[in-house]
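Student: Fold the following.
(2 chains)
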Amino acid sequence: MELDYLATILLSSLSSASILLIAAMGLAVVFGLMGVINLAHSEFLMIGAYAALTVTKAGVPYILSIPIAVMITMSIGAIVEMLIVRRLYGRLFDTMLATWGLSMFFMQLVVVIFGTSTVSVATIPQFNVSIGEYSLDGYRLLMILVAALMFLFVYLLMTKTVYGMKARASIQQPEMAQAIGIDSNRVNTLTFSIGCGLAGFAGAILLPLVPATPTMGLAFAVKSFLAVVVAGPVALTGTVLTTLGLGGGSSITASFLSSVIGEVFFFLITALLLWLYPCGISAKWRRKL
Amino acid sequence: MFKILNATGGYGKTTIIRDISLEVKAGEIVALLGRNGVGKSTVMRYAAGLIPAMAGHAEIEGIPMPNSPAKRAKMGLGYVPQGRFVFPRMTVIENIAVAAASNGYNPKNTVEELMEDFPILVPKANELAGGLSGGQQQVLALARALATRPKILLLDEPTEGVQPSIIDEMSGVLKRINKENNIAILVAEQDLDFCLSIATRAYVMDKGEVHMEIDRDSLRANKTLQKELLGV
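Tutor: Take a look at the predicted model:
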């Protein structure tokens, strides 16, 4: 029975960490491949959730609403990059300020369109998995697999495709990337758009767990931001590690002690890591991504 | 074939090079000489489009080059910067492949061809470029520039921090690609021996201006100028 309890805690903590990873992946891509912190990231997640919710209510099966949400957030992301972010490259704080403003705009826009109340979707899959006498939400557990597949997809996209090579070259040596003929503007638009699409995917896939509200992004904003910052320049692998360590660790602490202590664990370890590795834990890693 | 005409440029409001004009004819190797800090690198960056032109322009085959460095690369300008600037978290193969693919060439074939030209890179093919030695990075930066199939190759201090055995290999390769692929080369250098071994003509810079043009034999004979260039 003790073993069942431990397995339950481990699995539920792993799924909490996976959910954080799903939410933070797009942020990690945009930071790791463009050096831009997109503070509107969690609002793209929220837009993805609302997009999925709206088309599901219109009668589209939930599973199909996910790619639709991705396409919508990717398009908005591309427009935002061309209109705003492009003008601010190399100005980290200005980009943060601009995207923060954008996040408030999106939040209010959604309030105006959809109101502040939450609408749940009945057609969304719900099932339970039992371990001994404990029962776990099956959809939550499924997020472990989703996070792994999402990571694999992004990793292969960035390491095996010509676009991925161009994107990595552009962040590592921006001038030389241009000097060998890489059109950095186009690459950056695509990268930002992919990052926003990943946020939209997160919002849609997490919809059964996190209902769509205008402020839902805030729940993820701080922790994903910190996970990505602690991860550092090798953003993708680094973020997997930080979400597992920080997210999983705080979830385990929370199960044994209390949720407040879980949060304290997250922020204390984050502060400690940033003190030890001011440029992120991956600053000295020799890895591709 | 390649010309820089009345180039004036610098950083911010500071002018570093003034009214520079030079020419590299088809199939020619030309050296750009001068002591440290006379503006050789700035001329190279001007030509590559990496600093804005305050006046003048650069052209290939009589066509003025657009401002964008990426478009210049596609017109046939290959650039190997001082300090190499390889993509550190990409493998040797990826460094070459991305350059080929960005200019519409088959990455796989290009990598194979260049690996034959630079056997020193073969054992390092799958390693990250950031972990290579200075000389190996220099060879990689050269291979990466060649992967864009340039008509004119700009080399900025290619021998800096490179061991003598690799310098010899490089000068051999440069002479060969110059002949076989008819690539014109403009090389900015401090190393006179290296220049005299590959270039047939040189421009000598001083205080941001081209102060003389000289052919190889006259330079070989002119010991005073040599001493001046070596800064002794």
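
Student: Next, the distance between the ends of stretch A:160-179.
Tutor: 22 Å (Cα to Cα, to the nearest Å).

Student: Now do the contacts for A:G132.
Tutor: Applying Cβ atoms under 8 Å, 6 or more residues apart in numbering or on different chains to A:G132 gives the contacts A:1, A:3-5, A:8. C-beta coordinates here come from the backbone N, C-alpha and C atoms, glycine included.

Student: and which of these is nearest to B:L22?
Tutor: Nearest to B:L22 among the contacts of A:G132, counting by Cβ to Cβ, is A:T8 at 74.6 Å.

Student: Quick check: that closest one touching A:Y134?
Tutor: Yes - here A:T8 lies in contact with A:Y134, judged by Cβ atoms under 8 Å, at a distance of 4.4 Å.

Student: more neighbours, these two?
Tutor: Between A:T8 and A:Y134, A:T8 has the larger neighbour count (other Cβ atoms under 10 Å in any protein chain shown), namely 19 against 15.

Student: now check the host helix or strand of the more buried one, is it near chain B?
Tutor: Using DSSP states H and E, A:T8 sits in helix A:2-34. No - using Cβ under 8 Å from any Cβ of the partner chain, helix A:2-34 stays clear of chain B, with a minimum separation of 10.2 Å.

Student: how far does that helix sit from the chain's center?
Tutor: 10 Å (Cα atoms, centre = their mean, to the nearest Å).

Student: Distance of B:L128 relative to chain A?
Tutor: 5 Å (Cβ to the nearest Cβ, to the nearest Å).

Student: okay, now that residue: neighbour count?
Tutor: B:L128 has 19 nearby residues by other Cβ under 10 Å.

Student: who's in contact with it?
Tutor: A:286-288, B:88-91.

Student: isn't B:I167 right next to B:S197, touching?
Tutor: No - contact criterion Cβ under 8 Å: B:I167 and B:S197 do not qualify, at 9.3 Å.

Student: Need the overlap of contacts for these two.
Tutor: By Cβ under 8 Å, 6+ apart, no residue touches both B:I167 and B:S197.

Student: residues in the stretch 151-289 of chain A within reach of chain B, list them.
Tutor: Residues of the stretch 151-289 of chain A lying near chain B (Cβ under 8 Å from any Cβ): A:162, A:165-166, A:168-169, A:172-173, A:175-184, A:234, A:286-289.

Student: how about a cut-off of 7 Å?
Tutor: Within the stretch 151-289 of chain A, the positions lying close to chain B (Cβ under 7 Å from any Cβ of the partner chain) are A:162, A:165-166, A:168-169, A:172-173, A:175-176, A:178-183, A:286-288.

Student: for chain B, what helix or strand is lowest in average pLDDT?
Tutor: helix B:223-230 (a mean of 81; mean pLDDT, DSSP states H and E).

Student: tally of neighbours for residue 62?
Tutor: Since you didn't name a chain, this refers to chain A. For A:Y62, using other Cβ under 10 Å, the count is 18.

Student: please go with chain B instead
Tutor: Neighbours of B:G62 (other Cβ under 10 Å): 7.

Student: Give me the distance between it and B:P52.
Tutor: As judged by Cβ to Cβ, to the nearest Å, B:G62 and B:P52 stand 23 Å apart.

Student: and if you look at A:A167?
Tutor: 26 Å.

Student: Who has more neighbours out of those two?
Tutor: A:A167 (27 against 10).

Student: who are the neighbours in contact with the more buried one?
Tutor: A:A167 makes contacts with A:33, A:158, A:187, A:191, as judged by Cβ atoms under 7 Å, 6 or more residues apart in numbering or on different chains.

Student: Find the helix or strand that the residue of chain B found nearest chain A is a member of.
Tutor: Across chain B, no residue is closer to chain A than B:A73, which sits at 3.5 Å (Cβ to the nearest Cβ). Taking DSSP H and E as the definition, one finds B:A73 inside helix B:69-74.

Student: So which of the contacts of B:L128 belong to strands?
Tutor: Nothing among these maps onto strands, per DSSP state E.

Student: Sketch out the low-pLDDT regions of the chain for me.
Tutor: Just so you know, I chose chain A. A:1, A:119-125 (pLDDT under 70).

Student: oops, chain B please
Tutor: B:231-232.

Student: Run through the residues of it sitting next to chain A.
Tutor: Close to chain A, as judged by Cβ under 7 Å from any Cβ, chain B has residues B:48, B:50, B:69-70, B:73-74, B:79, B:81, B:85, B:87-90, B:94, B:97-99, B:101-103, B:128, B:130-131, B:144, B:148.

Student: residue ranges for the helices of the stretch 151-289 of chain A, please.
Tutor: Assigned by DSSP state H, counting those that start in this stretch, the stretch 151-289 of chain A shows helices spanning A:162-172, A:174-179, A:184-205, A:216-231, A:235-242, A:249-256, A:259-276.

Student: so where do the helices sit in chain B?
Tutor: Taking DSSP state H as the criterion, chain B carries its helices at B:40-48, B:69-74, B:92-102, B:107-117, B:134-146, B:164-180, B:192-198, B:216-221, B:223-230.

Student: highest average neighbour count across these?
Tutor: Highest mean neighbour count of those: helix B:92-102, a mean of 26 (counted as mean count of other Cβ atoms under 10 Å in any protein chain shown).
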